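In: Take a look and give me a structure for this.
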Amino acid sequence: TMLPTLKLIASFVGRTAIPRAVMVGRRPQFDMRVLNVRVQQLLGHTAHRSMFIEAHPTPNNNSLKFHPGRPVLDNGTKDFPNIRSALESPLAEALFKIDGVSSVFFGPDFVTVTKKGEDISWSDIKPKIFAAIMDFYSSGSPLLREGASKQSAESSEDDEVVSFIKELLDTRIRPSVQDDGGDISFISFDARTGVVTVQLQGACSTCSSSKVTLKQGVENMLMHYVPEVTEVVAVEDGSEDESDPVVRAQKKFVEEMTGQAETAKPGGGDKAAAAAPAAAAADQEEFSKLEIKVGVLTKTWEHPGSEKLFCEEIDVGEAGPRSVASGLRAHYTLDQFCPGRRVLVVTNLKPAKMAGFESAGMVLAASDGEAHTKVELLEPPEGAKVGERVYIDGVTGEPWAPNQVNKKEVLKKVLPDLRTDGACVACWKGRPILTSAGPVKVPSMADSPIG
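Out: Now for the predicted structure:
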């Protein structure tokens, strides 16, 4: 009965292929076939390595769950959406060296591997995945290198609403998502708009049905139990940034190690040149990466599906007005938030749905902190030109593209240092935000955070 074992060994070293161990299909038609790997070393039969690996399909045809028959992470989860992130784990790094692997995800007792698309066959890469998992556990190496962190949503500083949202995600939603080979992580809750931001990981991050799950499952449950929630949105997965020199270097290393270096394609020079400014801007201050413009309201109305939101069209000096949603209805009436009012708008954010309305910007205002019981809009001075970009003396740099701002979480990095000073002047890191006509101010809220 050595023939099956010898075939399996041969498949690991590339001499032959073995039949598919798992039929990949959509639930509930799970084929729970098991690959029982008991491989003796080819040289010296005194030692052996043994594993019992189960491969399970997921709702995402491009992802499979691999159960090594032992714990993977003692607690929490860990997502590796790109080559750079895989540096934190020897196993993830080994899996990324397999041509066709696009992401890796560790759960409590499983490893989810996602391939790049339908053009990649599971029958081609599955034996290599089995071999990589088996080799890792035979090596005795730690799963995560020193300094790597596990996914955790817990914080002692969470308020009551955020704590309840996290509890619902952990107890009602995450178990089902993890059963499908993925995970869902809490990112943030905007008390002004009621928008909960989450991140889907593993098999769920690229699944075509994830948007339906997000809206019909996660959003409906959170809105039912937490009245403050108006919408649930998902941030993009951490797909690799081709302009990042570390990503390029790591990708080149993997290609060289696997013998799969690609020949440069004609016409690639323009793309590389376009990416060069972003790669060269490592010392650019965060504020200058945002594009914040003087705007004027041209049309405002109450959002029909949310009691917290205004919808507005804003002239920011472009060919047409910007459509923006703002969580200001608790603080302004339509007579106050009306056409002709001048505002400050962040214009290089990626458009996002807010209670079904696509918002392509963010109106800035000062508030009294997390409570948001008092809010005042930032007001450009008279004489400031509509469409001009605000600035800070000594801070230079071109604004980043919306996708780059989103991937690098630029706004999240800027907001903690945005606040008014004792004279109600809007500042970043204590430095005034200026227009051609002078500083931006609020009417009365001194020493207050801006968001």
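
In: Could I get the pLDDT score of the nearest residue to residue 89 once chain neighbours are set aside?
Out: Leaving aside its sequence neighbours, residue 89 sits nearest to residue 144 (Cβ to Cβ, 6 or more residues apart in numbering; 5.3 Å). In this view, the C-beta of every residue, glycine as well, is placed from N, C-alpha and C. Per-residue pLDDT puts residue 144 at 88.

In: Surely residue 144 touches residue 78?
Out: Yes: contact criterion Cβ atoms under 8 Å: residue 144 and residue 78 qualify, at 6.9 Å.

In: Please report how far the residue nearest to residue 89 lies from residue 136.
Out: Distance, residue 144 to residue 136, using Cβ to Cβ, to the nearest Å: 12 Å.

In: Mind checking which of those two has more residues around it?
Out: Neighbour count, other Cβ atoms under 10 Å: between residue 144 and residue 136, residue 136 has more, with 20 against 17.

In: secondary structure class for the more buried one?
Out: Counting by DSSP: H, G, I helix; E, B strand; the rest coil, the backbone at residue 136 sits in helix.

In: got a list of what it touches?
Out: The contact partners of residue 136, by Cβ atoms under 8 Å, 6 or more residues apart in numbering, come to 90-91, 94.

In: show me where the chain has helices.
Out: Remark: helices assigned in the chain by DSSP state H are 2-12, 90-96, 122-139, 160-168, 174-179, 210-212, 220-225, 245-258, 268-280, 286-289, 402-407, 410-414.

In: Show residues contacting the last one.
Out: In this structure, residues lying in contact with helix 410-414 by Cβ under 8 Å, 6+ apart are 286-287, 289-290, 346, 349, 362, 400, 404-405, 428.

In: and of the residues you listed, the nearest to residue 114?
Out: Residue 114 has its nearest neighbour among the contacts of helix 410-414 in residue 404, at 23.5 Å by Cβ to Cβ.

In: and stretch 159-176, what's its mean pLDDT?
Out: Mean predicted lDDT for stretch 159-176 stands at 79.

In: oh, and call the first residue 50 from now on, that's how I've got it
Out: With 50 as the first residue, the last one maps to stretch 208-225.

In: quick one: residue 387 and residue 346 touch, right?
Out: Yes: counting by Cβ under 8 Å, residue 387 does reach residue 346; the two are 6.6 Å apart.

In: Look at these two and report which has more neighbours.
Out: Neighbours were counted for residue 387 and for residue 346 using other Cβ under 10 Å; residue 346 has more, 21 against 13.

In: Pretty sure that one sits against residue 365.
Out: No: using Cβ under 8 Å as the test, residue 346 is too far from residue 365 to be in contact (10.7 Å).

In: Would you reformat the contacts of helix 459-463 as TSV and include distance to residue 462, neighbour count and pLDDT?
Out: Shown next, in TSV, are the contacts of helix 459-463 (distance: Cβ to Cβ, whole Å; neighbours: other Cβ atoms under 10 Å; pLDDT from 0 to 100):
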residue	distance to residue 462	neighbour count	pLDDT
335	5	20	93
336	9	21	95
338	9	22	94
339	10	22	95
395	13	19	96
398	13	19	91
411	15	20	94
449	12	22	91
453	13	18	87
454	10	21	89
477	11	23	96
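
In: what about the strands in the stretch 100-249 of the chain?
Out: Using DSSP state E, counting those that start in this stretch, the strands of the stretch 100-249 of the chain run over 112-116, 127-129, 150-155, 160-164, 231-239, 244-251.

In: Could you export these to a markdown table, including columns for mean pLDDT, distance to residue 358 and mean neighbour count?
Out: Below are those laid out as a markdown table (pLDDT from 0 to 100; distance: least, Cβ to Cβ, whole Å; neighbours: other Cβ atoms under 10 Å):
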| stretch | mean pLDDT | distance to residue 358 | mean neighbour count |
| --- | --- | --- | --- |
| strand 112-116 | 90 | 35 | 23 |
| strand 127-129 | 85 | 31 | 24 |
| strand 150-155 | 89 | 34 | 26 |
| strand 160-164 | 90 | 35 | 27 |
| strand 231-239 | 82 | 11 | 21 |
| strand 244-251 | 81 | 9 | 24 |
